[in-house]
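In: Fold the following.
(2 chains)
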Amino acid sequence: MNDMRIAERTVSTNTAKITARGVQVYYGENHALKDVDIDILSGTVTAFIGPSGCGKSTFLRCLNRMNDTVASARVLGEIKLDGEDIYDKRVDPVTLRARVGMVFQKPNPFPKSIYDNVAYGPKIHGLTRNKTELDEVVETSLRKAALWNEVKDRLTAPGTGLSGGQQQRLCIARAIATSPEVLLMDEPCSALDPIATAQVEELIDELRSQFSVVIVTHSMQQAARVSQRTAFFHLGNLVEYGETGQIFTNPRDPRTESYITGRIG
Amino acid sequence: MNSEKHIVSAFDRDLEAVQALVMKMGGLVEAAMLDAAQALDTRDEELAARVRQDDKAIDALEEQIQQECARLIALRGPTASDLRTVLSVMRIAANLERCGDYAKNLAKRSVVLSQMSPIDGAAGSIRRMARSVVILLKDALDAYIARDARMAADVRLRDHEVDQMYNALFREFLTHMLEDARNITACMHLHFIAKNIERVGDHATAIAEQVIYLVEGRMPEDERPKESGISALSAASIRQE
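Out: Sure thing, here's the model as predicted:
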């Protein structure tokens, strides 16, 4: 474990990367998210915690407009990435998702080679000019995802042949290959064993120097381990948002206290 | 403070068990303090020996509490008020262990003192002071069980009274020693006893502060009234000139 934990608390000086104001989400008649205001900071890992159905994944999916793909979903309010409204008509959601990458609960590599899995994003977004550049992007992404040493000799092997933990790191490599500014992770470790989980957590901590990371997790210990900021959602409301150490030692809202201490809320 | 039950009821049982151990320890320390003061007052060497013997049980309880807390942290991963409960239990146990040592020390000195000619009124005053400090300790522990920050704040303020009793005794002993040099050995022992009882008051205050930390999530920041023996000593030396 990093011994600079105390220094890491001083994230308040970081600027806001994403600002959300009055965000409401409806799935048909169901009011899933109620009036959420939050500033996601740059260079910071932010954890969203809360019981199932509290709206945390819904909110995460608002941040790169994944809810656009849900026909019944309506998103109201304002979400800005670097001061730019991401729900503006002129914003191309595909370009947005290159800037705000996502890693899902279950590793979902493409049925392609390890190399092609990582090269896919940079290729479709035209981020590289030639094969050499693409090779470089693939290597750096795999290195950042702490997977390079394990796969460098079998880049042409199918991505689906890797172990679960390796597949998830491959998905992370794929997500960071387009050089996103924000990385959204929806329960990235729920299908992984403790060792693979530790590797992904270590990776998240390293990624923080280059991206904002937002992670949804059901494991409160994981939220406590990896994040500097924690947001607690309950019944569609953002109940409390603050420095992770404060949330886990002295939460201000009784609902947060009930949830994190494992009491019936 | 959250009074609701945990979903995992074994967690509640563990927390309650460790707090019950602290209360048991508190009861033993209070009794040891009162018995030691009585042994001094009544020159009861048998009682003094029992107090010294019983300190082993207090030490063993402290050890057990620290082990249970380490287990709880490792196995249950307490957070928020649960974490503060465990942390405060560990600190309170350490405070009580120290108080037990002071009672034991008092008992030891009472045996030595019973071989000497008594100093007028001293043993009675010590006993009254011990009673006051035990009430303080008891109130601090009651505040802990009730999670009563106001009661704890009151204990913090009342420690001042024990400090004043100590200062008064200190002056008294100085006077005895100035009057007759043959009183010096006994008065030195009595002074250490008074100082130790005064220290028990400080531990009661520390426990009260843990209660405030437990309830409010932060240590009290305001200064409490303090009076050290230093002023009494300088007053005495002026008188001597």
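
In: count of residues packed around residue 221?
Out: Let's take chain A. Residue A:221 has 11 neighbours, counted by other CB atoms under 10 Å in any protein chain shown. In short, each C-beta sits where N, CA and C put it, glycine included.

In: wrong chain, I was asking about chain B
Out: 5.

In: Could you say which helix or strand holds it?
Out: Assigned by DSSP states H and E, residue B:221 belongs to neither a helix nor a strand.

In: do the one 3 residues further on as well
Out: When secondary structure is defined using DSSP H and E, no element contains residue B:224, which sits outside every helix and strand.

In: Contact partners for it?
Out: By CB atoms under 8 Å, 6 or more residues apart in numbering or on different chains, the residues touching residue B:224 are B:156-157, B:159-160, B:205.

In: and if you look at residue B:77?
Out: Applying CB under 8 Å, 6+ apart, the residues near residue B:77 are residue A:221.

In: Equivalent analysis for the one 3 residues further on, please.
Out: Residue B:80 makes contact with A:248-251, A:256-257, A:260-261, B:2 under the criterion CB under 8 Å, 6+ apart.

In: Now name the helix or strand holding residue A:210.
Out: Under the criterion DSSP H and E, no helix or strand holds residue A:210.

In: can you tell me which residues contact residue 143?
Out: Going with chain A. Contacts of residue A:143 by CB under 8 Å, 6+ apart: none found.

In: Can you look at chain B instead?
Out: Going by CB under 8 Å, 6+ apart, residue B:143 touches B:149, B:151-152, B:155, B:208, B:211.

In: could I get those residues as JSON lines with distance to residue A:108?
Out: What follows is the contacts of residue B:143, written out as JSON lines (distance: CB to CB, whole Å):
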{"residue": "B:149", "distance to residue A:108": "51"}
{"residue": "B:151", "distance to residue A:108": "57"}
{"residue": "B:152", "distance to residue A:108": "55"}
{"residue": "B:155", "distance to residue A:108": "60"}
{"residue": "B:208", "distance to residue A:108": "56"}
{"residue": "B:211", "distance to residue A:108": "52"}
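
In: Just the ones of the residues you listed in helices?
Out: Members of those lying in helices (criterion: DSSP state H): B:149, B:151-152, B:155, B:208, B:211.

In: Any residues of chain B in contact with chain A? List them.
Out: Counting by CB under 8 Å from any CB of the partner chain, chain B comes close to chain A at B:2, B:4-8, B:11, B:77-84, B:217-218.

In: Which residue is the nearest non-sequential neighbour of the residue in chain B positioned nearest to chain A?
Out: Nearest residue of chain B to chain A (CB to the nearest CB) works out as residue B:217 at 3.4 Å. Leaving out its chain neighbours, the residue that sits closest to residue B:217 by CB to CB, 6 or more residues apart in numbering or on different chains is residue A:250, at 3.4 Å.

In: now swap in residue B:15 and tell me
Out: residue B:85 (6.0 Å).

In: name the element that neighbour belongs to?
Out: Per DSSP H and E: helix B:80-113 holds residue B:85.

In: hmm, back to that, list buried residues within the residues of chain B next to chain A.
Out: B:2, B:6, B:11, B:78-84 (16 or more other CB atoms under 10 Å in any protein chain shown).

In: Buried by neighbour count: which residues of stretch A:124-137 qualify?
Out: A:128, A:134, A:137.

In: Can you check my assumption that the first one lies in a helix?
Out: No. If the criterion is DSSP: H, G, I helix; E, B strand; the rest coil, then residue A:128 is coil and not within a helix.

In: give me phi/psi at it?
Out: Per-residue torsions, residue A:128: phi -120, psi 150 (degrees, to the nearest 10).

In: who touches residue 50 in this structure?
Out: Assuming you mean chain A. A:56, A:232-234, A:239, A:259 are the contacts of residue A:50 under CB under 8 Å, 6+ apart.

In: Actually, chain B is the one I wanted.
Out: Residue B:50 sits in contact with residue B:35, where contact means CB under 8 Å, 6+ apart.

In: let's see 10 Å
Out: B:32, B:35-36, B:39, B:44, B:107 (CB atoms under 10 Å, 6 or more residues apart in numbering or on different chains).

In: Could you report the pLDDT at it?
Out: Per-residue pLDDT puts residue B:50 at 97.

In: Name the secondary structure element that contains it.
Out: Residue B:50 belongs to helix B:45-76, assigned by DSSP H and E.

In: buried sites along that helix?
Out: Buried, per 16+ other CB under 10 Å, within helix B:45-76: B:47-48, B:50-52, B:54-55, B:58, B:61-62, B:65-66, B:68-69, B:72, B:76.

In: which one of those sits closest to residue A:47?
Out: residue B:76 (20.5 Å; CB to CB).

In: Which residue comes closest to that closest one once chain neighbours are left out?
Out: Per CB to CB, 6+ apart, closest to residue B:76 is residue B:11, 5.3 Å.

In: Help me confirm that that neighbour comes into contact with residue B:79.
Out: No. The criterion here is CB atoms under 10 Å, and residue B:11 misses it with residue B:79 at 11.1 Å.

In: Can you list the buried residues in the strand or helix carrying the residue nearest to residue B:76?
Out: Secondary structure assigned from DSSP H and E places residue B:11 in helix B:9-42. Residues of helix B:9-42 classed as buried by neighbour count (16+ other CB under 10 Å): B:11-12, B:14-15, B:18-19, B:21-22, B:25-26, B:28-30, B:32-41.

In: how many neighbours does whatever residue of chain A ends up closest to chain B have?
Out: Distances between chain A and chain B by CB to the nearest CB are smallest at residue A:250, namely 3.4 Å. When counting by other CB under 10 Å, one arrives at 19 neighbours for residue A:250.
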